[in-house]
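**Student:** here is a sequence together with a model predicted from it:
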Amino acid sequence: MSYFKEREAEINGSLLAVLSGENIIFLGPPGTAKTQLAKNICQSIEGGKFFNYLLTSFSTPEEIFGPLSLKALEEDEFRRKIEGCLPTSHIALLDEIFKASSAILNSLLTILNERKYHNGKEIIDVPLFSVFGASNEFPEEDDSLEALYDRFLFRYRLTYIQDDENFRNLLFRDHGDFKPSVNIQISAIYELRECAKNLNVDPDVELIILELRKSLQLQEIEISDRRWKKIIQVLKVAACSSGCMAVDRTIVLLLQHMLWNLPEERENIRKIVFELVVSGGISTEKLRQEAEDLHAAAIIALKNDLPVKVICDSCGEEFLLRQGIETHHLSHKNHSYTLKKDGVSKIYPYDNLVKEIDSINETMGKKSTLTSAQKEVFEKEIESLGNRIRRVKCRFEDERDLLRSLIETNIWLSTLDGKEALMLHDSKSIELVELETIISKAQSMLGLESRQVKPKPQFAEEKAKIIVPDSFSSVNSFMKEIGSRLRLK
Ligand SMILES: [Zn+2]
C-alpha cells in the first residue's frame, strides 16, 4: 500500500467525499494510483460495488451505462442492462473524464447531479456515493464540460511521489494486497449524513465563511450558492464523523480543496482560508493599517522637527526628530536627555523633556503642540485601538491550546495542515505584539500615559465536550483505521 505515500490530504478528501456523497476530481498525470485508491475505499464498504472506466472520445454509452436489452427491444422498449455498470455502482472511477462525448455527458450529468438514471421509461435512483474523476488536462472552454467540472466539489492536484525514500519503497517493497480490517455499512453512511444535518455551526465559523466569500469576490472568484450549501453539509459530515457536536473552525481548513476553479488559484485560496481560520475571521492586516495610520497622524500633528538640539545623556545619541527620541525611549526607558537652549544645557527625564519641547515650541510660536481637544481625540483613538489590539492578542494567547486540541480531534486534517495552522497562529501572536509597540510609540510621542486595561478573557470558553455517539463511532473508527492503513502512517 505504499502507493499512497504522500497522499494524506487526498485520502482524507476521498473518504470524506464518499461519506458526504460528493464527487471528487484529481487533476494530474496518469499513474498516480488514483484507481487503486478508489477501489480500496470501495472495498472497505460492505457490499460496495466499484466501476472503473477509461474514457476516450470514442467511448459509447453502452460502455458506461450498460448494453441495450434485446429482450426489451423486442417489446419496442429502449432499456439498458445496467448491472455492473455506472448506474449500479457505489463508487466509480472515470479516468480522462473530460473526454466524455455528448452522448455520455447528459446521462452522466444527471447521475452526478441528482443520483438518478433514466433507463428507458424508468427513472431509477442510483446507489452512487461518489464519482472519482481523473484527468490529465483541464477542461477546455466548453459549456457542457464546465458543467461537468462544476459537479466535482472536491478538487485535488496530484503529482508524482516527491520523497526519495517513499519512491524507493514504492518500487522495491512489496506490501501485499489491501485487505480492509474494518468495514463500514452502507446504512451507517446514510445515518451519519442524517445526523450531520442537525449539527450546529460555531458562530466564528459563520463569520469566517462570510469573510471568505467576500475576499473571494474581491478576487473575482465566484462560488455559486448551491456550492456553498453543499460545502456546509460536507463540513457538518466532517464534524459529525470526527465526533464533534458542532462544526468548528479547523474543519473550515478543508475548504482549500473545494473553492478553486483554476489550478493557479489554489495556493492563494489556501492562504486566505488559513488566515481566516487561524484568526477567527479577524483581519490583523486591518488592525496593522489602523495602528500605522494613527502613528503617522501623531507624527504629523506633532511636527516632527525638534526646535532645539537633544542628546541622550546616557548614551550620547543625538536626535533631530521627535520620532527618534520616542523610539529611543521605548528601548531605553530610564535614559535621560540633555536639552541645549540659549547656550545652557539641562538634563531632563523623558516625560519632562516632552513637556519642555512643547513649551519651547509654544514660545517660538510654532504650533506644534496639540490643543487639549486634539490631544483628547488622539487619546480616545489610541485607547480604543489599543484595547482592540490587546483583546485580539489575549484571544490569540487564550486560544492556542484550544486550537491545538481542535486540530488533534479533527480526523480530516492532514498532519502538514495542522502544523501549518499552529505555526501561522504563533506568527500572528508575534505580529500583535508588534502592533502594541506601534501604539505605545504613538502614545509616548504624544506624551500620553499608557493606561493598560486588562481585558477579560472572553474567548476562553471551554469547547463542548466531545462525545462520539455510538452509531458513529463505527464511522469514526472506520475513518481512522482505513485512513491510517491507506496512508501507512
Ligand atoms: Zn540613550
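**Tutor:** Structure's in. What do you need? Residues are numbered from 1 along each chain as shown.
**Student:** which parts of the helix or strand encompassing V234 count as buried, going by neighbours?
**Tutor:** V234 is located in helix 225-242, with elements delineated by DSSP states H and E. For helix 225-242, the neighbour count (16 or more other Cβ atoms under 10 Å) marks 228, 230-231, 233-242 as buried. Any C-beta I mention is one placed from the backbone N, CA and C, and that applies to glycine too.
**Student:** figure out how far the helix or strand just after that helix is from the centre of its chain.
**Tutor:** Going down the chain from helix 225-242, the next helix or strand is strand 246-247, by DSSP H and E. Offset of strand 246-247 from its chain centre (Cα atoms, centre = their mean, to the nearest Å): 15 Å.
**Student:** same for strand 246-247, what does it pack against?
**Tutor:** strand 200-201, helix 225-242 (3 or more Cβ pairs under 8 Å, 6 or more residues apart in numbering; DSSP states H and E).
**Student:** which pLDDT value goes with the residue of the chain positioned farthest from its centre?
**Tutor:** In the chain, G343 marks the outermost C-alpha relative to the chain mean, sitting 63.5 Å out by Cα atoms, centre = their mean. At G343, the pLDDT value in this model is 82.
**Student:** and the gap between it and S215?
**Tutor:** Using Cβ to Cβ, to the nearest Å, G343 is found at 60 Å from S215.
**Student:** now distance to R80 too, for the helices and strands packed on strand 246-247, in a markdown table please.
**Tutor:** Listed next are these as a markdown table, based on distance: least, Cβ to Cβ, whole Å:
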| stretch | distance to R80 |
| --- | --- |
| strand 200-201 | 42 |
| helix 225-242 | 29 |
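**Student:** what does the helix holding V234 contact?
**Tutor:** Contact with helix 225-242 is made by 16, 19-20, 22, 150, 153, 192-193, 195-197, 199, 201, 205, 209, 213, 245-248, 251-252, 254-255, 258, 409-412, 472, 475-476, 479, as judged by Cβ atoms under 8 Å, 6 or more residues apart in numbering.
**Student:** tell me which helix or strand E290 sits in.
**Tutor:** helix 284-302.
**Student:** list the helices and strands that helix packs on?
**Tutor:** Helix 284-302 packs on helix 322-331, helix 372-409, helix 415-445, going by 3+ Cβ pairs under 8 Å, 6+ apart.
**Student:** circling back to that earlier point, which of the helices and strands packed on strand 246-247 sits closest to the ion?
**Tutor:** Proximity to the ion (Cβ to the ion) singles out strand 200-201 among the helices and strands packed on strand 246-247, at 54.1 Å.
**Student:** partner strands of the closest one and their direction?
**Tutor:** The pairing partners recorded for strand 200-201 under DSSP bridges are strand 246-247 (parallel).
**Student:** show the average pLDDT along the partner strand.
**Tutor:** 92.
**Student:** just stretch 48-66 next, same as before
**Tutor:** For stretch 48-66, the mean confidence score works out to 94.
**Student:** what do you get for stretch 82-93?
**Tutor:** 96.
**Student:** picking that back up, and the next helix or strand past the helix holding E290?
**Tutor:** strand 305-312.
**Student:** so which elements touch that following strand?
**Tutor:** strand 318-321, helix 322-331, strand 336-341, helix 350-363.
**Student:** could you chop this protein up by domain?
**Tutor:** 1-180, 306-367 (automatic domain parsing).
**Student:** up against the ion, what does the stretch 201-350 of the chain have?
**Tutor:** Selection of the stretch 201-350 of the chain residues close to the ion by Cβ under 5 Å from the ion yields 312, 314-315, 332, 335.
**Student:** can you give me the strands for the stretch 101-250 of the chain?
**Tutor:** 116-119, 122-125, 130-135, 152-157, 200-201, 246-247 (DSSP state E, counting those that start in this stretch).
**Student:** and of the ones you listed, who's closest to T371?
**Tutor:** Among the strands of the stretch 101-250 of the chain, the nearest to T371 by Cβ to Cβ is strand 200-201 (49.9 Å).
**Student:** contacts for that closest one next, please.
**Tutor:** Outside strand 200-201, the residues touching it (Cβ under 8 Å, 6+ apart) are 232, 235-236, 245-247.
**Student:** and the furthest pair within these?
**Tutor:** I232 and M245 (16.0 Å).
**Student:** one step back: now the residue farthest from the centre of the chain: how far from D305?
**Tutor:** 20 Å.
**Student:** same question for P263.
**Tutor:** 54 Å.
**Student:** equivalent analysis for F378, please.
**Tutor:** Counting by Cβ to Cβ, the gap from F378 to D305 is 19 Å.
**Student:** repeat that for S107.
**Tutor:** Distance from S107 to D305, by Cβ to Cβ: 78 Å.
**Student:** no further questions, thank you.
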